[in-house]
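Asker: Predicted coordinates and the sequence they were generated for:
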Amino acid sequence: MSGFSPYHFCVAPMLDWTDSRCRVLHRLLSRRARLYTEMVTTGAVLHGPRARLLGFEPVEHPVAVQLGGSEPEDLAAVARICADYGYDEINLNVGCPSKRVQKGAFGACLMREPALVAEGVAAMKAAVRLPVTVKCRIGVDEQDPEEALFGFAGAVVAAGADALIVHARKAWLEGLSPRDNRHIPPLDYGLVRRLKQAFPDVPVVLNGGLADFDAMREELAHVDGVMVGRAAYHDPALLLRVDPGLFGEPAPFEDAMEAALAYIPFIEQKRAEGVPLAAMTRHMLGLFNGRRGARAFRRHLATKGVGRGAGAEVLREALGLIDPAETREPAEA
């Protein structure tokens, strides 16, 4: 277990995707991945359905909560609440470019206000003993990325930030949609490498465009960790290769079929609590991508799994449509 940064491999916080049901599935696929919640705002935690927003399953550890907010006092109060819930890390979102987030004065627009972000980090550090980390972009709009990123990093590290997670693209707050911001601004991995050289004692995690294990290993020679987002969601079986491929440890299961079967007891438990089947199986739709029977699997879940009374038997039927000869693939060494 030694020798690896706690941030060696992370699954990105993805709004409306990485809920607790998703993270339980991801944990079945990798014991070592560090998991993150979808972003929750400080206002929602302070005034909304706290248990629904912050509740998670013990199996998810290590799991970090990502917060959206800019008021230091609110961030400190919510950090205490999250610590009481048992999270392993508090992560502050300074990377989301959506209009809704900008209206709330948090997310990527805070790249322009490093002093305010530093205040928030210092307030959370004073409030909790958990690691407090920041996820950011390399700049926004017309900012010079080198100047913006290094200045921002210097401010939040001086305030006590325990790690920096950097999406290696600019965010264009005007002119590009959140979707376009994920792939149109060019990636600059070299800038993130230089950031690590400038802050050798601070864990630096690279995010953006990573899906290939050779590329991950190449970057891990220069930074402390990599963070994968949509690749892990669209092709969850990728996570089965994380433990052997990046940690030199056996995968939790030989293949995606075994992992899917292991997910069924959790589904049955949640169905008994009234959680709809589709709320869980929607995270499995890409599990067999590229294999014979995958389309029939998805279609069965999409048509039969959405009914009010649908239960685990629908998933079992869908799994029966996957060609058994296609389910096993060697783990990546």
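Answerer: Cool, the structure landed.
Asker: only C-alpha atoms for contact and neighbour calcs from this point on.
Answerer: OK.
Asker: Does Val226 lie in a helix or a strand, and which?
Answerer: For Val226, the host element (DSSP states H and E) is strand 225-228.
Asker: Contacts for that strand next, please.
Answerer: 5, 7-12, 165, 203-211, 216, 219-220 (C-alpha atoms under 8 Å, 6 or more residues apart in numbering).
Asker: what about 7 Å?
Answerer: Under the contact criterion C-alpha atoms under 7 Å, 6 or more residues apart in numbering, strand 225-228 has outside partners 7-12, 204-207, 210-211, 216, 220.
Asker: Just among the residues you listed, which is most surrounded?
Answerer: Highest neighbour count within those: Leu206, with 30 neighbours (other C-alpha atoms under 10 Å).
Asker: for that one, helix, strand, or coil?
Answerer: Secondary structure assignment for Leu206 (DSSP: H, G, I helix; E, B strand; the rest coil): strand.
Asker: what residues are up against it?
Answerer: Per C-alpha under 7 Å, 6+ apart, neighbours of Leu206: Ile165, Val166, His167, Ala168, Val192, Gly225, Val226, Met227.
Asker: Which pair of the contacts of strand 225-228 spans the longest distance?
Answerer: Farthest apart among these by C-alpha to C-alpha are Val204 and Ala211. That separation is 18.3 Å.
Asker: Next, format the contacts of strand 225-228 as a markdown table and append secondary structure, distance to Lys125 and pLDDT.
Answerer: A markdown table is the format used below for the contacts of strand 225-228 (DSSP: H, G, I helix; E, B strand; the rest coil; distance: C-alpha to C-alpha, whole Å; pLDDT from 0 to 100):
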| residue | secondary structure | distance to Lys125 | pLDDT |
| --- | --- | --- | --- |
| Tyr7 | coil | 19 | 98 |
| His8 | coil | 22 | 98 |
| Phe9 | strand | 24 | 98 |
| Cys10 | strand | 22 | 98 |
| Val11 | strand | 23 | 98 |
| Ala12 | coil | 22 | 97 |
| Val204 | strand | 18 | 98 |
| Val205 | strand | 20 | 98 |
| Leu206 | strand | 23 | 98 |
| Asn207 | strand | 24 | 97 |
| Leu210 | coil | 30 | 95 |
| Ala211 | coil | 33 | 93 |
| Met216 | helix | 30 | 97 |
| Leu220 | helix | 27 | 98 |
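Asker: Out of those, which comes closest to Pro265?
Answerer: Using C-alpha to C-alpha, these come closest to Pro265 at Val11, 23.4 Å.
Asker: which ones are touching that closest one?
Answerer: Counted by C-alpha under 7 Å, 6+ apart, Val11 has contacts Ala33, Arg34, Leu35, Tyr36, Met227, Val228, Gly229.
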